[in-house]
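Asks: A structural model of the following input is requested.
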Amino acid sequence: MTASLFRRRALAAFCLGVAPLAAAAADSEDGNEEIEQRLNPMVITATLAPRTADESLASVTVIDEADLRRQDPTDITDLLRAQPGVDVSSNGAFGKNTSVYLRGTGNNATVMMIDGIRLRSATTGAPAWQFLDPRMFQRVEIVRGPRGSLYGADAVGGVVQLFTPEGEGEPTPRIALGGGSFDTRRGSASLSGREGGTRYHVAASRLDTDGYEIVDGEGEKGYDNTSGFVRLSHALDGGAELGVLVLRARGNTEFVGGDTDYVQQVAGGYVALPLSEAWTSRLTLSEARDESDNHDDFGNSVIDTLTHTVRWENTVTLGSHELVAGAEASRDEVDGTVDYEEDRRDNGAVFAQALMDFSPFSVQAGLRHDDNEAFGEELTGQLALGYALDDHHSLRASYGTAFRAPTFNELYYRSAFFNGNPDLEAEESQGLEVGIRGQFDRVFWDLALFRNDVDNLIVNVDTDGDGFVDSTENVERARIRGVELGTGAEFDDWTLRAALTYTDPENRETGKRLVRRASRSLRFDADRELGDWTLGGSLVAQDHRYNDAANETRLSGFGTVDLRAGWRFAPLWSARLTLENVLDQDVVTARTFGGRDFEDAGRAAFLSVSFGEG
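Replies: Numbering: from 1, shown residues only. Predicted structure coming up:
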């Protein structure tokens with residue numbers, strides 16, 4: 001797809017999506033509170049405190065439970081792809097290696113949280129997005145821009161947080177069974193509710209597929225995933241609360257040349273205490289596991305990473321102002337058959353944030369100090385200013401710093417072909433953003449311009465000149481700038497969302513675009529309620545990207561259309577049909593070292609039947 005053709009198609013599609021939003025704006029006074037809350041939802045991730053989207057002074061996107069139910073994705077990244085500022089590349093569908101780029105930063109420069117617990121591999125620094133079942137989650141918050149002052153290492157591009165259901169009301173069971181293309185079989189069951197001060201949610205799911213040829217001529221590559229989740233909380237007299245949660249996913253994924261048995265797990269417990277009417281203190285203990293048993297052409301290997309974290313967080317309310325302060329200690333550990341020069345590292349941090357309301361002005365200021373035994377000390381900060389122009393429009397501007405920690409692979413990995421560099425420094429970034437948001441009863445729109453400069457960029461290098469990467473260095477700089485426009489509306493049983501993103505992720509040393517990032521993307525989602533039926537679809541279009549740092553291997557752009565339909569055919573019973581990539585377009589976002597394409601699944605259909613509310 002040429003750049004000019006992409007621009008014409010994207011502009012036409014975006015205009016078609018925005019036209020009804022503009023029409024709905026004129027009818028905004030007839031809206032209701034429920035619709036307004038969906039269009040201007042509460043966000044936790046941006047500030048660690050509940051704020052509506054327009055009060056957060058950040059670029060945020062919320063994917064709520066209704067979106068998850070309607071779209072019924074197989075992969076969590078199907079929801080993320082082409083959202084404002086979000087790009088995704090993968091080595092194929094169904095559990096294959098996947099990278100999420102937030103505002104053009106790397107996959108290991110985006111923090112992924114599950115209910116406040118960070119999940120990633122300490123050896124690669126990146127989360128395994130592909131192993132998370134969307135049916136385990138109720139809500140997704142995407143916060144774009146540096147958040148080092150709140151989350152520490154790697155929050156350069158932003159934070160994606162997945163929230164699980166807490167349980168409310170009478171005991172509510174839900175069961176779903178389905179299947180579809182590539183001999184895919186899916187099933188899930190859950191039970192949630194509340195009894196007195198105790199809330200609970202228990203869930204399990206299973207997905208099994210024979211897969212397809214991710215690389216031409218290599219045969220079908222299957223995938224299976226079994227996930228389980230338990231969450232319990234109890235409110236005590238006096239306002240204290242105790243809670244625990246465990247989420248575990250395990251299975252097997254096949255790839256070209258081998259397969260991997262994997263485990264992804266987060267577990268944690270917390271106690272929240274109201275020390276006074278204005279002061280609440282919360283202590284959380286958690287662990288996160290990323291485990292893999294790999295079988296490939298080079299032999300067998302086991303790599304297990306474990307992170308333990310203790311976090312103490314305090315929130316103090318002072319009239320219309322709020323102060324959040326605390327401390328955090330974590331330990332990363334690596335075990336397995338790979339011999340690392342160091343197999344653990346500790347990190348200690350203190351942080352504070354002030355949220356001040358001087359209506360119509362608002363100010364947010366944050367500061368965090370990290371001390372890591374592997375790469376030293378880092379100080380990060382954030383300052384955001386907001387101004388309400390009137391009841392519907394608000395301006396914001398922010399400046400923030402962040403850093404990406406060198407991974408265990410980059411620091412300590414040793415083999416006959418590659419040696420890490422223990423002298424690496426952390427990548428450091430400075431981000432600037434200005435934005436304006438329009439918020440009405442039935443319509444919102446948000447426009448943001450941003451720039452992020454990254455120093456000490458960690459890159460793979462060829463130290464002996466034989467043409468093969470064999471180590472890492474801090475040598476390069478990157479500049480990422482761009483524009484994001486997101487909008488949405490709800491009216492006359494229609495739910496509409498649209499996003500348009502332009503990103504320029506440039507390596508300043510070479511002038512080339514960073515690897516596997518598209519520069520332009522469009523997403524448009526439309527759904528309509530028709531009595532017992534729901535009908536909808538999604539359009540995603542992206543321009544070309546490059547598979548190599550020299551920008552010599554170009555991967556073509558693409559445009560895909562997904563369709564979906566739901567039918568409530570009896571009380572508590574429903575059926576859902578999804579048709580993915582109905583035009584059967586070629587989607588390639590990564591290529592093998594041998595120059596062959598990792599292909600997406602192409603046209604696919606899935607049907608499910610469910611019992612229960614929701």
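
Asks: And the residue nearest the centre of the chain?
Replies: Nearest to the mean C-alpha position of the chain, by C-alpha atoms, centre = their mean, lies Val160 at 3.5 Å.

Asks: So what sits opposite that one in the bridge?
Replies: Beta-bridge partners recorded for Val160 (DSSP bridges): Met112, Ile142.

Asks: And it, how far from Asp67?
Replies: Distance, Val160 to Asp67, by C-beta to C-beta, to the nearest Å: 15 Å. Where C-beta positions appear, they are placed from N, C-alpha and C, glycine not excepted.

Asks: How many neighbouring residues does the nearest residue to Phe137 once chain neighbours are set aside have?
Replies: Nearest residue to Phe137, sequence neighbours excluded (C-beta to C-beta, 6 or more residues apart in numbering): Leu162, at 4.7 Å. Counted with other C-beta atoms under 10 Å, residues neighbouring Leu162 total 21.

Asks: try Ala541
Replies: Neighbour number of Ala541 under other C-beta under 10 Å is 24.

Asks: Enumerate every residue touching the nearest residue to Leu102 once chain neighbours are set aside.
Replies: Excluding the flanking residues, the one nearest Leu102 by C-beta to C-beta, 6+ apart is Gly157, at 3.2 Å. Contacts for Gly157 (C-beta atoms under 8 Å, 6 or more residues apart in numbering) come out as 101-106, 109-110, 144-146, 452.

Asks: go again using 6 Å as the cut-off
Replies: Going by C-beta atoms under 6 Å, 6 or more residues apart in numbering, Gly157 touches 102-103, 105, 109-110.

Asks: could I get these as a markdown table with distance to Ser301, secondary structure and neighbour count?
Replies: Listed next are the contacts of Gly157 as a markdown table, based on distance: C-beta to C-beta, whole Å; DSSP: H, G, I helix; E, B strand; the rest coil; neighbours: other C-beta atoms under 10 Å:
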| residue | distance to Ser301 | secondary structure | neighbour count |
| --- | --- | --- | --- |
| Leu102 | 30 | strand | 25 |
| Arg103 | 33 | coil | 31 |
| Thr105 | 28 | coil | 32 |
| Ala109 | 26 | helix | 27 |
| Thr110 | 26 | strand | 27 |
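
Asks: what would the residues you listed look like in CSV with pLDDT and distance to Thr305?
Replies: Formatted as CSV, those follow (pLDDT from 0 to 100; distance: C-beta to C-beta, whole Å):
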residue, pLDDT, distance to Thr305
Leu102, 97, 22
Arg103, 96, 26
Thr105, 93, 21
Ala109, 94, 18
Thr110, 95, 17
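
Asks: still on that earlier bit, mind checking how far the residue nearest to Phe137 is from Leu191?
Replies: Distance of Leu162 to Leu191, given as C-beta to C-beta: 20 Å.

Asks: so how far is Arg139 from the residue nearest to the centre of the chain?
Replies: To Arg139, Val160 is 11 Å away according to C-beta to C-beta.

Asks: where along the stretch 1-150 of the chain do the helices fall?
Replies: 3-25, 33-39, 65-71, 77-80, 148-151 (DSSP state H, counting those that start in this stretch).

Asks: which strands and helices sit next to the second one?
Replies: For helix 33-39, the contact count by 3 or more C-beta pairs under 6 Å, 6 or more residues apart in numbering; DSSP states H and E identifies no helix or strand as a packing neighbour.

Asks: ok, and for that helix, which residues are buried?
Replies: For helix 33-39, burial by neighbour count (16 or more other C-beta atoms under 10 Å) applies to 35-36, 38-39.

Asks: Look up the residues forming beta bridges with Asp562.
Replies: Assessed by DSSP bridges, Asp562 has beta-bridge partners Ser538.

Asks: how deep is it tucked in, by neighbour count?
Replies: Neighbour count of Asp562, defined by other C-beta under 10 Å: 20.

Asks: from what I can see it touches Glu580, true?
Replies: Yes - here Asp562 reaches Glu580: they are 5.1 Å apart, a contact under C-beta atoms under 6 Å.

Asks: Need the nearest residue in space to Thr284, chain neighbours excluded.
Replies: Nearest residue to Thr284, sequence neighbours excluded (C-beta to C-beta, 6+ apart): Tyr270, at 4.3 Å.

Asks: Touching, the one you found and Ser281? I think so.
Replies: No - the criterion here is C-beta under 6 Å, and Tyr270 misses it with Ser281 at 10.8 Å.

Asks: The two: which is more packed in?
Replies: Taking other C-beta under 10 Å, Tyr270 and Ser281 do not tie; Tyr270 has more neighbours (20 against 17).

Asks: Could you list the low-confidence segments of the stretch 101-250 of the chain?
Replies: Within the stretch 101-250 of the chain, no stretch has pLDDT under 70.

Asks: And the helices in the stretch 301-450 of the chain?
Replies: For the stretch 301-450 of the chain, applying DSSP H, counting those that start in this stretch gives helices covering 408-412.

Asks: can you pull out the strands in it?
Replies: In the stretch 301-450 of the chain, the strands defined using DSSP state E, counting those that start in this stretch lie at 321-336, 344-358, 361-372, 376-388, 393-404, 427-439, 443-461.

Asks: Same list (these) but as CSV, adding mean pLDDT, distance to Phe611 and mean neighbour count.
Replies: Formatted as CSV, the strands of the stretch 301-450 of the chain follow (pLDDT from 0 to 100; distance: least, C-beta to C-beta, whole Å; neighbours: other C-beta atoms under 10 Å):
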stretch, mean pLDDT, distance to Phe611, mean neighbour count
strand 321-336, 96, 42, 18
strand 344-358, 97, 43, 17
strand 361-372, 97, 45, 19
strand 376-388, 96, 45, 18
strand 393-404, 97, 43, 21
strand 427-439, 97, 37, 20
strand 443-461, 92, 34, 20
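
Asks: export the ones you listed to a markdown table and tack on distance to Arg248?
Replies: As requested, those are exported to a markdown table (distance: least, C-beta to C-beta, whole Å):
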| stretch | distance to Arg248 |
| --- | --- |
| strand 321-336 | 18 |
| strand 344-358 | 23 |
| strand 361-372 | 28 |
| strand 376-388 | 32 |
| strand 393-404 | 28 |
| strand 427-439 | 32 |
| strand 443-461 | 31 |
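
Asks: Which of those strands sits closest to Leu79?
Replies: With C-beta to C-beta as the criterion, Leu79 lies closest to strand 443-461 of the strands of the stretch 301-450 of the chain, at 18.3 Å.

Asks: Describe which strands the closest one pairs with in its sheet and in which direction.
Replies: Here, using DSSP bridges, strand 443-461 pairs with strand 427-439 (antiparallel), strand 471-491 (antiparallel).

Asks: How about residues contacting that strand?
Replies: Residues from elsewhere that reach strand 443-461 (C-beta under 6 Å, 6+ apart): 21, 24-25, 28, 39, 59, 410, 425, 427-438, 469, 471-474, 476-489.

Asks: buried stuff in stretch 214-221?
Replies: For stretch 214-221, burial by neighbour count (16+ other C-beta under 10 Å) applies to 214-215, 221.

Asks: now do stretch 64-76
Replies: By 16+ other C-beta under 10 Å, the buried positions in stretch 64-76 come out as 67-76.
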